[in-house]
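Enquirer: Model the following, please.
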Amino acid sequence: MLLAIDGPAGSGKTTLAAKLEREYQLTATVQVIHMDDLYNGWENALSEELTVKLSHIVQSHNSGKNFHLAKFNWASMKFDEEVLMLATEVLILEGVGAAQKVVRDAGAKTHWIETPAEIGLQRVLDRDGHHLRDLMLKWQTHQDAHFQIDKTAENCDVKLTS
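Expert: Here you go, the predicted structure:
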C-alpha cells in the first residue's frame, strides 16, 4: 500500500503520518518518508529533481524492492547521508509535494490537509523557530505555485481540515 499526505506547511501532515504509521504497524511493515529529507534546500525543493526521486521511490515500493535514499542535511545544506530503505508493505510519503501527480499515478491513496496560510505559518514558526519567518513566507509562495500547477488538492482522495 502506498499513501501520500500533502498540504501546506503547518497543516498537520507529520502528525497524521505518525498516527497512520502506528495504526498500520499493528498488522503490516510500515515506513514513513518525509519530504524534508528529499528536498534540495529551500529554493530547489519542489523541482523536477523531487519528482524524479519520488518516481524512483514509488516504483521501487510498488515492485517490492529495496532502494537507496539520499537525505538532505539542513544544517550543512547538502545531501550527506544515504540510507538503504527496505521494502515494506506500507509506505507513507509525507510533506509538501508528497501527493503530486507521479505519486497519484502510481496508485497512492492520497490525503490533503488544508489549513489557513497564517495558521500554518504560525505553527511552523512555533515548531522550528521564528528566525525562519522570511524563508517560510517565500516557501508558502513556492508551495502554493506547486499546488496550483499540480492541482494537488483537487486530486486527492481524502480531504481534511486542520
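Enquirer: Which residues does the helix or strand of the chain with the lowest mean pLDDT contact?
Expert: When the helices and strands of the chain are scored by mean pLDDT, DSSP states H and E, strand 78-85 comes last with a mean of 94. Contacts of strand 78-85 with the rest of the structure, by Cβ atoms under 8 Å, 6 or more residues apart in numbering, involve 31, 33, 40, 57, 60, 66-73. (C-beta placed from N, C-alpha, C; glycine too.)
Enquirer: List only buried entries from those residues.
Expert: Among the contacts of strand 78-85, those buried by neighbour count (16 or more other Cβ atoms under 10 Å) are Gln31, Ile33, Asn40, Ile57, Ser60, Leu69, Phe72.
Enquirer: where does the chain dip in pLDDT?
Expert: Counting by pLDDT under 70, the chain contains no low-confidence range.
Enquirer: Quick one: residues contacting the most centrally placed residue in the chain.
Expert: For the chain, the residue sitting closest to the mean C-alpha position, by Cα atoms, centre = their mean, is Gly95 at 2.3 Å. For Gly95, the contact set (Cβ under 8 Å, 6+ apart) comprises Ile5, Asp6, Lys13, Thr14, His34, Met35, Asp36, Leu38.
Enquirer: Now go through the residues you listed and say which are in helices.
Expert: Using DSSP state H, the subset of the contacts of Gly95 located in helices is Lys13, Thr14.
Enquirer: that older thread, just the buried positions in the least confident helix or strand of the chain, please.
Expert: Residues of strand 78-85 classed as buried: Phe79, Met85 (neighbour count, 16+ other Cβ under 10 Å).
Enquirer: Neighbouring strands of it in the sheet, and parallel or not?
Expert: Strand pairing for strand 78-85, using DSSP bridges, gives strand 67-73 (antiparallel).
Enquirer: contact partners of the partner strand?
Expert: Against strand 67-73 from outside (Cβ under 8 Å, 6+ apart): 33, 36-41, 56-57, 60-61, 78-85.
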